[in-house]
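J.: here's a sequence, model it:
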Amino acid sequence: LSHANARYCTRAAPAIGLILQDAQTFDDPAGARAAYGLAGDIAIGAVAQEAPAARAGIEANQTVVAIAGAPVTSVAMVRKDRWARILALQGRLEAAVARTGAVSLTLADGREVRIEGEPACRVRFMLDDGGGNASSSRDDVRIGRGLYDNARGDETLVAALAAHELAHAVLDHQTTLEAHDSTAVVRRTEREADRLSVWLLAAAGYPPEAGERLARTVLSRKEFLFAPASHGSWRTRAADMAAERISLAAAPDRDWSKRFRREGAR
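T.: Residues are numbered from 1 along each chain as shown. Prediction:
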């Protein structure tokens with residue numbers, strides 16, 4: 001989703017398609033290191049399929065000892081915030097790729113792997129084990145474990161979840177809501193995210209009707225998680241996305257940066 005839509009995103013940067021993990025974020029760091037076979041705290045948490053990191057041979061649970069030549073131990077653990085270190089290291093990695101177009105990772109077995117970045121919308125994707133919903137800012141997309149589990153392993157439904165939140169990010173709804181935080185404005189941003197998700201999915205090769213299926217099969221069961229006044233009922237959302245597919249089909253191309261109709265203030 002991120003790579004396929006990069007040409008249309010106003011905020012894009014090279015990316016390599018991986019996220020790090022830190023054993024210290026677990027309640028039992030030693031147990032986590034043993035379970036994942038790690039030689040240290042910092043490791044590869046996940047790698048996107050077919051992304052540059054995957055093509056370079058990077059795999060989940062490989063221990064990382066240096067990023068762009070700087071030891072991971074140069075970032076201290078923050079006792080009161082066990083997520084601060086891994087977020088700082090992830091930021092260091094992403095900044096290096098954005099700055100030079102590539103980054104080198106030194107693994108615990110002594111190998112140094114250089115990974116060339118590819119264009120992507122400048123958004124970080126995370127699976128939030130502590131959340132049951134999904135959320136986004138201009139920089140991050142978080143999919144809650146509860147909502148992810150309700151997709152029951154269906155990649156297309158997960159893509160629809162991610163596309164909706166990615167739409168919020170690329171349209172910078174965070175700035176809109178910071179300026180005008182009302183139920184009406186929230187509802188407008190939710191409609192826009194539902195509608196743009198159709199274009200994002202299509203550009204990435206997913207069925208553009210995936211969001212409608214998500215509404216019917218997941219959101220209809222979990223509607224109590226959403227405030228209908230701000231998000232709308234699952235039937236309304238599915239209808240909005242179905243109508244948007246007509247606009248997509250009528251467009252001469254899938255360049256949503258030029259073809260997508262923003263709703264404006266209401």
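J.: could I get the full set of helices for this protein?
T.: 29-36, 52-55, 84-100, 145-150, 155-170, 173-179, 183-203, 210-214, 228-231, 234-250, 256-259 (DSSP state H).
J.: of all the ones you listed, which lies closest to I19?
T.: With distances scored as Cβ to Cβ, the stretch of the helices of the chain nearest to I19 is helix 84-100 (6.5 Å). Bear in mind the C-beta positions are built from the backbone N, C-alpha and C, glycine included.
J.: where does this protein dip in pLDDT?
T.: Within the chain, the ranges that satisfy pLDDT under 70 run 223-229, 265-266.
J.: just want the most central residue of it.
T.: F125 (2.4 Å; Cα atoms, centre = their mean).
J.: follow-up on the earlier one: let's have the helices of the chain in JSON lines, adding mean neighbour count.
T.: Formatted as JSON lines, these follow (neighbours: other Cβ atoms under 10 Å):
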{"stretch": "helix 29-36", "mean neighbour count": "14"}
{"stretch": "helix 52-55", "mean neighbour count": "19"}
{"stretch": "helix 84-100", "mean neighbour count": "18"}
{"stretch": "helix 145-150", "mean neighbour count": "17"}
{"stretch": "helix 155-170", "mean neighbour count": "23"}
{"stretch": "helix 173-179", "mean neighbour count": "14"}
{"stretch": "helix 183-203", "mean neighbour count": "22"}
{"stretch": "helix 210-214", "mean neighbour count": "25"}
{"stretch": "helix 228-231", "mean neighbour count": "14"}
{"stretch": "helix 234-250", "mean neighbour count": "17"}
{"stretch": "helix 256-259", "mean neighbour count": "15"}
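J.: the ones you listed: which one's closest to T106?
T.: Checking the helices of the chain against T106 by Cβ to Cβ gives helix 84-100 as the closest, at 12.1 Å.
J.: return the list of helices and strands in contact with the closest one.
T.: With contacts taken as 3 or more Cβ pairs under 8 Å, 6 or more residues apart in numbering; DSSP states H and E, helix 84-100 sits against strand 12-15, strand 18-22, strand 64-67, strand 102-107.
J.: gap between it and the chain center?
T.: Averaged C-alpha coordinates place helix 84-100 at 16 Å from its chain's average position (Cα atoms, centre = their mean, to the nearest Å).
J.: swap in stretch 10-23?
T.: On Cα atoms, centre = their mean, the centre of stretch 10-23 falls 9 Å from that of its chain.
J.: any idea what the residue nearest to the residue nearest to the centre of the chain when sequence neighbours are not counted is bridged to?
T.: Nearest in space to F125, with sequence neighbours left out and distances taken as Cβ to Cβ, 6 or more residues apart in numbering, is V141 at 4.9 Å. Legend: beta-bridge partners of V141 under DSSP bridges are F125, S136.
J.: now V141: how far from R259?
T.: 23 Å (Cβ to Cβ, to the nearest Å).
J.: before we move on, the earlier item: check contacts around the residue nearest to the centre of the chain.
T.: Going by Cβ atoms under 8 Å, 6 or more residues apart in numbering, F125 touches 2, 19, 140-141, 143, 162.
J.: so among these, which ones count as buried?
T.: Those of the contacts of F125 that meet the buried threshold are 2, 19, 140-141, 143, 162, by 16 or more other Cβ atoms under 10 Å.
J.: coming back round to it: can you tell me how far the residue nearest to F125 is from R237?
T.: From V141 over to R237 the distance is 18 Å, taken as Cβ to Cβ.
J.: what's the answer for A39, then?
T.: Counting by Cβ to Cβ - A39 and R237 are separated by 47 Å.
J.: got it, and V186?
T.: Separation of V186 from R237 (Cβ to Cβ): 14 Å.
J.: need the overlap of contacts for those two.
T.: Common neighbours of V186 and R237, using Cβ under 8 Å, 6+ apart, are H231.
J.: with adjacent residues omitted, what lies nearest to R145?
T.: In space, R145 comes closest to D129 once its chain neighbours are excluded; the distance is 4.8 Å by Cβ to Cβ, 6+ apart.
J.: phi and psi next, for that neighbour.
T.: phi -60, psi -20 (degrees, to the nearest 10).
J.: neighbours of it, how many?
T.: Using other Cβ atoms under 10 Å, D129 is surrounded by 10 other residues.
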